[in-house]
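1. turn this into a structure:
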Amino acid sequence: MIRYRFYPTLLNTFARYQRGYLPEQELLDRINRVPIPQTEAQARGVSFEEAVIKGTDEEYFNEEVLRKARALLPRPMVATQVYCQYELDDVLLYGYVDVIGRTLAVDLKTTGSYSPGRFVYNHQNFYLLALRPKGIRTLRYVITDFREVYQEEYDLNMDFSQQEQQIKAFCDFLETHRALISDKKVFVE
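-> Residues are numbered from 1 along each chain as shown. Predicted structure coming up:
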């Protein structure tokens, strides 16, 4: 029976909290969906995704970076902004992946600074398991710092144990702090 509903960004935020990069109040604000203004970097990332996939506002980005990013998309592109959900014990993980092909899913990422292996423990990796029934076997992150394009690929053989432990720890955190959680969307009641 499902007791919790999480999206990967929230779980990745909890992972940052666990590593000491985020104060508890900021994590609680994210859980409670306290509105925060979109940053310029976030807006640029959304705009980059649109430019790569739809060809809108291309003039704001380096032509070579767009070409390299597009070369890493699946061919043919079967669908964009594909809803994913996966059940893990009593948790429903849900969200959207940017693009799927026949056997490849792609999520576009932007960053100010890239280091290899950055997404190995990202909770979006569960999209692999969610999309397995659709024939997806590989999840590719296409990452840009707006100067260069990088990629990381993960397949169904990856080890999800660290992410699974974080999910369990997050459930414990939620129960411990239930009285402070005003947005009950994370709970299935």
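
2. isn't residue 1 right up against residue 89?
-> No - when contacts are counted by C-beta atoms under 8 Å, residue 1 is not listed as touching residue 89 (9.8 Å). Heads up, the C-betas are built off the backbone N, CA and C, glycines and all.

3. more neighbours, the two?
-> Using other C-beta atoms under 10 Å, the more surrounded residue of residue 1 and residue 89 is residue 89, with 12 against 5.

4. state the phi and psi torsions of the more buried one.
-> With angles defined as degrees, to the nearest 10, residue 89 sits at phi 60, psi -120.

5. look up how far residue 56 lies from it.
-> Separation of residue 89 from residue 56 (C-beta to C-beta, to the nearest Å) stands at 40 Å.

6. now residue 167
-> As judged by C-beta to C-beta, residue 167 and residue 56 stand 35 Å apart.

7. identify the residue nearest the spatially most central residue of the chain in space, chain neighbours excluded?
-> Nearest to the geometric centre of the chain sits residue 124, at 4.1 Å (C-alpha atoms, centre = their mean). Spatial nearest neighbour of residue 124, excluding adjacent residues (C-beta to C-beta, 6 or more residues apart in numbering): residue 8 at 4.4 Å.

8. so that neighbour sits right up against residue 95, yeah?
-> Yes - the criterion here is C-beta under 8 Å, and residue 8 meets it with residue 95 at 5.2 Å.

9. go through whatever helix or strand residue 93 lives in and flag the buried ones.
-> In the assignment (DSSP states H and E), residue 93 maps to strand 91-100. For strand 91-100, burial by neighbour count (16 or more other C-beta atoms under 10 Å) applies to 91, 93, 94, 95, 97, 98, 99, 100.

10. cool, stretch 73-82 as well?
-> 73, 74, 78, 82.

11. okay, the residues you listed in CSV with distance to residue 154 next?
-> CSV is the format used below for those (distance: C-beta to C-beta, whole Å):
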residue, distance to residue 154
73, 17
74, 15
78, 19
82, 17
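
12. which one of these is nearest residue 18?
-> Checking the buried residues of stretch 73-82 against residue 18 by C-beta to C-beta gives residue 82 as the nearest, at 28.7 Å.

13. mind checking which helix or strand that closest one is in?
-> Assigned by DSSP H and E, residue 82 falls within strand 79-88.

14. which elements pack onto that strand?
-> strand 91-100, helix 127-131 (3 or more C-beta pairs under 8 Å, 6 or more residues apart in numbering; DSSP states H and E).

15. that strand - which strands sit beside it in the sheet, and in what orientation?
-> strand 91-100 (antiparallel) (DSSP bridges).

16. any idea how far the strand it pairs with is from the chain center?
-> Here the centre of mass of C-alpha atoms in strand 91-100, compared against the chain's by C-alpha atoms, centre = their mean, to the nearest Å, lies 8 Å away.

17. and the average pLDDT for it is what?
-> Strand 91-100 carries an average pLDDT of 97.

18. contacting residues for the closest residue to residue 85 other than its chain neighbours?
-> In this structure, residue 85 finds its nearest non-sequential neighbour in residue 94, 4.3 Å apart by C-beta to C-beta, 6+ apart. Neighbouring residues of residue 94 by C-beta atoms under 8 Å, 6 or more residues apart in numbering: 5, 6, 7, 83, 84, 85, 86.

19. okay then, goodbye and thanks.
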